[in-house]
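Visitor: The sequence and its predicted three-dimensional model are supplied below.
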Amino acid sequence: MKIWGEYLALISADAAGYADALAAHCADVILLPPCSAADRRIAAHPDTLFAQIGDMLITSAAYAREFPDTADTLCRRMAGRLILSKTSIGAQYPVDVPFNIFPWREYIYGFLPHLSPDVIREAESQGKFLRAVKQGYAGCAALACGDAVITADPTIARAAAADGADVLPADGEKILLPGYSCGFIGGAGGTAEGAAAFFGTPSHALRERMESRGITVLPLADTPLTDFGGIRLVRLACR
């Protein structure tokens, strides 16, 4: 039985080499094409393209127009739980982070002045608490699994700990990010239902911390961790 049998997994087209391994755990894998307006190095990264709040996804309407087949597939398979925002994604900071948030339980962490108004609006409509952190790439910088928040970012760590999270440090992880000097833990994996999948294999220390808290760790390859913008795990429409 698949651990995420009721979930779609959204990953960058650049991470296609991991798709088969990921498909063994979920209902289907969708490869995201790169947004032409974004920096090519992160243009297909889910944490750049989509904000996830509860079971809703929010993305730029311009991206949906550029790739209507991808948008139509998501809208159909998620029963319309896709919000198209007027906010566009740009190639440089801070216009590349309007959808880059880190959700944990009833909290949404992000660099609030640079978030899309549609992200703020949806968070408020769902009764989420917005937390301002000085990390524009909040969605890249952390992973949430149950009570645990995994991050090497001190601003997210402090904010999440203040909200009651069990913060697991990821400072020692060596994470590759093609085109950059290093990557982020949130961009190297995705979580749902008490399990976490990774593009590569986390260190023994991090894996031990996670498993000691009952988190199932699913390395998708016996390679170093690599940041491809994370894995967005979203529920399928009810059948």
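Guide: Right, received. Where do you want to start? Numbering: from 1, shown residues only.
Visitor: which outside residues touch the longest strand anywhere in the chain?
Guide: Identified as the longest strand of the chain according to DSSP state E is strand 4-12. For strand 4-12, the surrounding residues in contact (Cβ atoms under 8 Å, 6 or more residues apart in numbering) are 18-19, 22-23, 25-32, 34, 44-46, 50, 74, 77-78, 190, 192-193, 195, 228-236. (C-beta placed from N, C-alpha, C; glycine too.)
Visitor: Buried ones among those residues?
Guide: By neighbour count, with 16 or more other Cβ atoms under 10 Å, the contacts of strand 4-12 hold 18-19, 22, 25-27, 29-30, 32, 34, 44-46, 50, 74, 77-78, 190, 192, 195, 228-236 as buried.
Visitor: List the ones among those that fall in strands.
Guide: Going by DSSP E, the strands hold Cys26, Ala27, Val29, Ile30, Leu32, Gly190, Ala192, Ala195, Arg232, Leu233, Val234, Arg235 from the buried ones among the contacts of strand 4-12.
Visitor: Make TSV from those residues and add pLDDT and distance to Gly172 to it.
Guide: Converted to TSV, these look like this (pLDDT from 0 to 100; distance: Cβ to Cβ, whole Å):
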residue	pLDDT	distance to Gly172
Cys26	97	28
Ala27	96	34
Val29	98	29
Ile30	98	32
Leu32	98	29
Gly190	98	21
Ala192	97	25
Ala195	98	22
Arg232	98	26
Leu233	97	25
Val234	96	30
Arg235	94	33
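Visitor: Of those, which pair is most distant in space?
Guide: Greatest spacing in those, by Cβ to Cβ: Leu32 and Ala195 (21.5 Å).
Visitor: how many other residues sit next to Leu130?
Guide: 15 (other Cβ atoms under 10 Å).
Visitor: what sits against it?
Guide: Tyr107, Ile108, Gly110, Leu112, Ile120, Ala123, Glu124.
Visitor: So which of the residues you listed wins on neighbours?
Guide: Gly110 (28 neighbours).
Visitor: Got the phi and psi for that one?
Guide: phi -180, psi 170 (degrees, to the nearest 10).
Visitor: Could you give the bridge partners of it?
Guide: Taking DSSP bridges, one obtains Ala132 as the residues bridged to Gly110.
Visitor: was I right about it contacting Phe99?
Guide: No - look at Gly110 against Phe99 with Cβ atoms under 8 Å: they stay out of range, at 9.3 Å.
Visitor: Could you measure from Leu57 over to Cys75?
Guide: 9 Å (Cβ to Cβ, to the nearest Å).
Visitor: which residues do these two both contact?
Guide: Arg81, Leu82.
Visitor: what about these two, which has more around it?
Guide: The neighbour comparison of Leu57 against Cys75 (other Cβ under 10 Å) goes to Leu57, with 24 against 16.
Visitor: For that one, what is the enclosing helix or strand?
Guide: In this assignment (DSSP states H and E), Leu57 forms part of strand 56-60.
Visitor: Need the contact partners of the following helix or strand past that strand.
Guide: Next in sequence after strand 56-60, counting helices and strands by DSSP H and E, comes helix 61-66. Contact partners of helix 61-66, identified using Cβ under 8 Å, 6+ apart, comprise 33, 35-37, 49, 70-71, 82, 84-86, 88-89.
Visitor: ok, now stretch 19-31?
Guide: 2-13, 15-16, 70, 73-74, 77, 195, 197, 218, 220-221, 231, 233, 236.
Visitor: which of those are buried?
Guide: 4, 6-12, 15, 70, 74, 77, 195, 197, 218, 220, 231, 233, 236.
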